[in-house]
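Enquirer: Here's my sequence, what's the structure:
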Amino acid sequence: MDATQDTDFERDAGLEILVETARLWRALGHHDVDGRFRIDGVTGPDEYSAIVDNNIYTNLMAQQNLVAAADLSGKYMEEAGALGVTTEEAAAWRDAAGSMVIPYDERLGVHPQAERFTDHARWDFEHTPADKYPLLLHYPYFDLYRKQVVKQADLVLAMHLRGDGFTAEQKSRNFSYYEALTVRDSSLSACTQSVIAAEVGHLELAHDYLAEAALMDLHDVQHNTRDGLHMASLAGAWTALVAGFGGMRMRDDTLAFAPRLPSGISRLNFRLRYRGRRLGVAITQREVRYELLEGEPMPLIHHGEQHTLEDKPLACDVPPIQAGPVPHQPLHRAPITHVTT
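Expert: Sure thing, here's the model as predicted:
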């Protein structure tokens, strides 16, 4: 809806979807004695952690869902009334969203992907042979569930889709922490790790993850291409390029970009449609050029600065970024390099 502004779909289908999912979250969660809204006993994106309390990805997405349902019910009051939505119910959704539990480990200065996750013992990566991956084929889930080991991006995925829920410093610290725990026993992880690696300034690592996502089948990275193509990973290569090196996000009813390229990519061009417009984006190491190819002028955010994209192309400098120490992955689990022969 944000991209298409299809109000017919929003009113006739989107409203009902949001209302019923908001009711699901409100029924699954509860307010604790301190008034905080909790969602307990869930499994987030990481399949090596199950039946956990207050998974941050789940809670942040539920929070967004609850607010959107309340907003849309206020916009389409007659249709919402036909679904049985009352003012009190919409207020309860907002209350739940506003008091949602988002765990944070003050001791380590990172977000646990779920409550108490950072209290678990770490998986013994040092003594796990390379031929014992993927772990799920060699170790019981009972062992995996009790350890700090991540199959695929979970908290990192939350930072991509709900980046507004974290500060820049938190993103950097969280990314480094979870790099050391994530084994990527799923092809769904590399593209998301590429996006956040690029956002926090680890551009060469982001390039490696892009290569892994794009070459998942051509290089048979997970030794199972004979069973079928990894289509989500292939699509994820686009995400790594546009959301990662292009830094594209939807923000404040418009598009925001924070482009930066690794040393191995001299130029990145892509086009997209957004709210009846067609845009062209051309990124080099030092400059990005935005061009309105079709449609009315629109606001645009470049590295936090507001601009208006009109008939003439908009050229902006690409500012440098100071990244922290390069994070390390578990033994035997570094991504494939983007340098190919």
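Enquirer: by contact count, what packs against the helix or strand harbouring A282?
Expert: In this structure, A282 sits in strand 277-284 according to DSSP states H and E. Judged by 3 or more C-beta pairs under 8 Å, 6 or more residues apart in numbering; DSSP states H and E, strand 277-284 is in contact with strand 267-274, strand 287-294. C-beta coordinates here come from the backbone N, C-alpha and C atoms, glycine included.
Enquirer: List the buried residues of it.
Expert: 277, 279, 281-283 (16 or more other C-beta atoms under 10 Å).
Enquirer: what does it contact?
Expert: Residues outside strand 277-284 that contact it (C-beta atoms under 8 Å, 6 or more residues apart in numbering): 245-246, 255, 257, 259, 261, 266-273, 288-296, 298, 309, 318.
Enquirer: Check stretch 140-153 too.
Expert: In contact with stretch 140-153 (C-beta under 8 Å, 6+ apart) are residues 45-51, 113, 117-118, 120-123, 125, 134-136, 160, 178, 181-186, 188-189, 192-193, 196, 330.
Enquirer: okay, how far is it across it, tip to tip?
Expert: End-to-end distance for stretch 140-153, by C-alpha to C-alpha, to the nearest Å: 21 Å.
Enquirer: Tell me where the longest helix sits in this protein.
Expert: helix 56-75 (DSSP state H).
Enquirer: and that helix, which residues are buried?
Expert: Those buried within helix 56-75 under the rule 16+ other C-beta under 10 Å are 56-70, 72-73.
Enquirer: what residues are up against R289?
Expert: 280-283, 313-315.
Enquirer: could you redo the last one with a cut-off of 7 Å?
Expert: R289 makes contact with 282, 313, 315 under the criterion C-beta atoms under 7 Å, 6 or more residues apart in numbering.
Enquirer: can you check M298 too?
Expert: 254, 277, 309.
Enquirer: Quick check: bridge partners of it?
Expert: L309 (DSSP bridges).
Enquirer: Check F37 too.
Expert: H31, M100.
Enquirer: looking at it, it is touching R94, isn't it?
Expert: No. If you go by C-beta atoms under 7 Å, F37 and R94 don't touch, sitting 10.8 Å apart.
Enquirer: quick revisit: any chance of the helices and strands packed on strand 277-284 in TSV, with distance to N224 too?
Expert: Shown next, in TSV, are those (distance: least, C-beta to C-beta, whole Å):
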stretch	distance to N224
strand 267-274	30
strand 287-294	38
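Enquirer: Nearest to H223, out of the ones you listed?
Expert: strand 267-274 (30.4 Å; C-beta to C-beta).
Enquirer: Buried ones in the closest one, by neighbour count?
Expert: 268, 274.
Enquirer: that older thread, of F37 and R94, which one has the most company?
Expert: Comparing F37 with R94 by other C-beta atoms under 10 Å, the one with more neighbours is F37, at 23 against 14.
Enquirer: Next, the contact list for that one, please.
Expert: F37 makes contact with 29, 31, 96, 99-101 under the criterion C-beta under 7 Å, 6+ apart.
Enquirer: Can you pull the domain assignment for the protein?
Expert: In terms of domains, the chain is parsed into 7-98, 139-243, 246-319 (source: automatic domain parsing).
Enquirer: can you tell me which of the ones you listed comes nearest to A130?
Expert: domain 139-243 (11.1 Å).
Enquirer: The contacts of M298 into JSON lines, with extra columns for distance to P325 and pLDDT?
Expert: Listed next are these as JSON lines, based on distance: C-beta to C-beta, whole Å; pLDDT from 0 to 100:
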{"residue": "T254", "distance to P325": "34", "pLDDT": "94"}
{"residue": "R277", "distance to P325": "40", "pLDDT": "96"}
{"residue": "L309", "distance to P325": "37", "pLDDT": "97"}
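Enquirer: mind exporting stretch 96-103 as PDB, just the C-alpha atoms?
Expert: The C-alpha trace of stretch 96-103 is given here as PDB (Å, rounded to 0.1, in the frame of the first residue of the first chain):
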ATOM      1  CA  ALA A  96      -0.400  -2.900  23.500                       C
ATOM      2  CA  ALA A  97       1.900  -1.500  20.800                       C
ATOM      3  CA  GLY A  98       3.000   1.400  23.100                       C
ATOM      4  CA  SER A  99       3.900  -1.000  26.000                       C
ATOM      5  CA  MET A 100       5.500  -3.700  23.900                       C
ATOM      6  CA  VAL A 101       8.400  -5.500  25.500                       C
ATOM      7  CA  ILE A 102      11.700  -5.000  23.600                       C
ATOM      8  CA  PRO A 103      14.400  -6.800  25.600                       C
END
